[in-house]
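S.K.: Model the following, please.
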Amino acid sequence: MPDLKRILALLPKQRQNLMFSATFSNDIKKLADDFLTNPVLVEVARSNATNENVSQKVYAVEQSKKQTFLTQLLKNEAANQVIIFTKTKLTASRLSRTLQKEGIAADAIHGDKSQKERIEALDAFKAGKVTVLVATDVAARGLDISDLPMVINYEIPSAPEDYVHRIGRTGRAGASGIAISLVCEDEEKYFAEIEKLIKKSIPRETAQILASR
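M.R.: I've put the predicted structure just below:
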């Protein structure tokens, strides 16, 4: 916000402003009210809506068992393209390495990786050489992947609008998609905020972890 105010202070008073936002939270609305003069609002979808083509599933799972359940889920679903979202760069790196050890072709994209490394990982993902891409919210901004069948929220975002961004990566251009969220007890408060934002209640399924053979 301070950066934005400094930029606006340097611009001519007489100007035309256009503002774009993938979601329209109250914070964004306040921003628009502060910086725009009698703006006309143009919406291409209902505010903070989730795509009807996306089937949303929620599994209640203990934090300590998330990794095991995720691996089981990926192997059972046999999905050939999945983006997994984490909250931190550290979790993204660790999780991609763990999945690799489990024989899953995974890679990570996050803020500590160079643009070149991110592009290489994304190209490998699009080409099918990597089937699972573990990403942080910042790194996933603007990712355009056609025909992405599945998104998994390994960690639930604290900002509910980020959930809308995340699951909007699947179910594009009329295709169907699946968004799976793994919610531990501590994250229930975040998911309640998400349900409030999208005006939809998603029933919880209890994660069934199979005994390893």
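S.K.: Find the residue at the geometric middle of this structure.
M.R.: Arg166 (2.2 Å; Cα atoms, centre = their mean).
S.K.: Going by contacts, tell me the helices and strands next to the strand or helix carrying that one.
M.R.: Using DSSP states H and E, Arg166 sits in helix 160-167. Where contact means 3 or more Cβ pairs under 8 Å, 6 or more residues apart in numbering; DSSP states H and E, helix 160-167 is packed against helix 137-140, strand 150-153, strand 177-183, helix 188-198. C-beta here means a position set from N, CA and C on the backbone, and glycine is covered the same way.
S.K.: closest one to Asp162 among those?
M.R.: Nearest to Asp162 among those is helix 137-140 (5.2 Å), distances taken as Cβ to Cβ.
S.K.: still on that earlier bit, how much distance is there from the helix holding Arg166 to the middle of the chain?
M.R.: Centroid separation between helix 160-167 and its chain, computed with Cα atoms, centre = their mean, to the nearest Å, is 5 Å.
S.K.: tell me which residues of it are tucked away?
M.R.: With burial defined by 16 or more other Cβ atoms under 10 Å, the residues of helix 160-167 counted as buried are Pro160, Glu161, Asp162, Tyr163, Val164, His165, Arg166, Ile167.
S.K.: What segments of the protein are strands?
M.R.: 54-60, 82-86, 106-109, 132-136, 150-153, 177-183, 204-206 (DSSP state E).
S.K.: Which strands border the shortest one, and is each parallel or antiparallel?
M.R.: Each strand paired with strand 204-206, and its direction, by DSSP bridges: strand 54-60 (parallel).
S.K.: Give me the mean pLDDT for the strand it pairs with.
M.R.: For strand 54-60, mean pLDDT is 91.
S.K.: Fine by me, we can end here.
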